[in-house]
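> For reference, the sequence and a predicted model appear below.
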Amino acid sequence: MYEPRTYRNWVSDRDLVSFSVVVRETDLLIRARRNLKGKALAATQRCRSALEKYIESHPAFAASLEPLPVDQSAPPLVREMSDAARQAGVGPMAAVAGAIAEAVGRELLSFSSEIIVENGGDIFIKTSKERLIGVYAGESRLSGGIAFTIQPDETPLGICTSSGSVGHSLSLGTADAVVVTSPSTSLADAAATAIANRVSSASDIPAALEFAHGIEHLKGVAIIKGDTMGLWGQMKIAGTDQ
């Protein structure tokens, strides 16, 4: 079921061109120095085609809720998802949105020095100026009230969000938002799911942050449940280093 992505209305800067690409379940909002919709559509179609053909012959890849190894003959996107899932301890499809966002974004970097690809709350970003990334956290009073600062030297960067209270993605917890940053967008996506699975109440936040600390190559994590937020790593709330 499609859920309107009203958080996209929060985009307020005007220095980049925005355009959308939709290929079946993949719905991207892309910002770049110029309109690259044709190139973005072709890149997205290639990603989807490679993944769908692999799933046709390996249906367990789409259904597994646990890491699933793949051999070196698998498409690069599939190997990326499998590796991210292994590191986070979740099924490989938990990494799909982040993996596609990064694959498309890296291809577009050949045509634009700045790229932001958002795929259902999962973001790949390469920027030459400071950017603020807002957090949509459902009914939490913190939703839309905080933003994280991203500096150019931190990018390319993956910024991914998982929620048990917003959207239709599978989560075993009820966190309003778990935001994860990593140089690997697929890993940030998989890790956000794994961490969100461990949050059913605000009292679960410390243990979930400790779990996150054990996943290599994460840069930072924010967990929001109700009116409570927990932070770990390099998460910079706008105007404040945490």
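Perfect, I can see it now.
> Give me the outermost residue of this protein relative to its centroid.
Ser57 (26.5 Å; CA atoms, centre = their mean).
> Let me see the backbone angles for it.
Summarising the backbone geometry of Ser57 under the convention degrees, to the nearest 10, its torsions are phi -100, psi -10.
> From Ala63, how far off is it?
The span separating Ser57 from Ala63 equals 14 Å under the rule CB to CB, to the nearest Å. (Glycine included, C-beta is placed from N, CA and C.)
> Identify the contacts common to these two.
Overlap between the contact sets of Ser57 and Ala63, as judged by CB atoms under 8 Å, 6 or more residues apart in numbering, is nil.
> can you pull out the strands in the chain?
Remark: strands assigned in the chain by DSSP state E are 17-23, 26-32, 115-119, 122-126, 131-134, 147-150, 157-162, 177-182, 220-225, 228-233, 236-237, 240-241.
> Could you identify which of these has the lowest mean pLDDT?
The minimum mean pLDDT among the strands of the chain belongs to strand 240-241 (a mean of 44).
> Now do Gly38: how many residues are near it, please.
Neighbour count of Gly38, defined by other CB atoms under 10 Å: 10.
> In contact with the residue farthest from the centre of the chain, which residues are there?
When contacts are counted by CB under 8 Å, 6+ apart, Ser57 is found next to no other residue.
> Then the one 5 residues further on?
Counting by CB under 8 Å, 6+ apart, Ala62 touches 55, 93.
> Might one say that Leu142 is in contact with Val135?
Yes: if you go by CB atoms under 8 Å, Leu142 and Val135 touch, sitting 7.1 Å apart.
> so what's in contact with the two at the same time?
Between them, Leu142 and Val135 share these contacting residues under CB under 8 Å, 6+ apart: Ile224.
> Have a look at those two and say which one is more surrounded.
For Leu142 versus Val135, the count of surrounding residues by other CB under 10 Å is larger for Val135: 24 against 19.
> I figured that one hits Met229, correct?
No: using CB under 8 Å as the test, Val135 is too far from Met229 to be in contact (9.1 Å).
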